[in-house]
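Colleague: Fold the following.
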Amino acid sequence: MVKGQKLVAKVIIEILGAPKEHVEKTIEIVLAKVKEQAYLKVLSDKIFKAKKIKKFWGTFAEIDMEVNGVVNLIGFCFDFMPSSIEILEPNNLSMEIQEIGDLLNDLLARLHKYDMALKSIRAQNIILSRELQKLKSSEKE
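Modeller: As a prediction, this is how the structure comes out:
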């Protein structure tokens, strides 16, 4: 594959939360951040009206974009966590073995980063739970 080969993709980014105004503002902010990315060009976008989903509000944006290379497309997925992605063009890709290795190493580095963050949050949660139990015990006495 030629480095930086253009890919055209359709992605969907969803937002769920409350209140409705916050959800609507957040999807606009996310779309603006997508448009700021130097490695892609937004070809078209549409934000759908927020709808009530149980106690929350949900909305989504559908974005057609052109991305410079597979590595950037995967980076986009990690940065923006789209709920869906469809690669429209090209129909076929070929990659140099070095590019595949670089791509996998970048993927692993990001996974390790998220794994460390998750482990840190889990440890903090355990500590907070223990402290809460201590407080509950001391209140009973």
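
Colleague: now for the biggest helix by length in the chain, which elements pack on it?
Modeller: Looking across the chain with DSSP state H, the single longest helix is helix 97-140. Packed against helix 97-140 by the contact rule (3 or more CB pairs under 8 Å, 6 or more residues apart in numbering; DSSP states H and E) you find helix 70-80. C-beta here means a position set from N, CA and C on the backbone, and glycine is covered the same way.

Colleague: on contacts alone, who are the packing partners of the helix it packs on?
Modeller: The helices and strands touching helix 70-80, judged by 3+ CB pairs under 8 Å, 6+ apart, are strand 6-17, helix 20-36, strand 84-89, helix 97-140.

Colleague: export the third one as PDB, just CAs?
Modeller: Once non-C-alpha atoms are left out, strand 84-89 reads as follows in PDB (Å, rounded to 0.1, in the frame of the first residue of the first chain):
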ATOM      1  CA  SER A  84     -19.900   1.900  13.200                       C
ATOM      2  CA  ILE A  85     -17.500   2.200  10.300                       C
ATOM      3  CA  GLU A  86     -17.900   1.300   6.700                       C
ATOM      4  CA  ILE A  87     -14.900   1.700   4.300                       C
ATOM      5  CA  LEU A  88     -16.400   2.700   0.900                       C
ATOM      6  CA  GLU A  89     -13.100   3.100  -1.100                       C
END
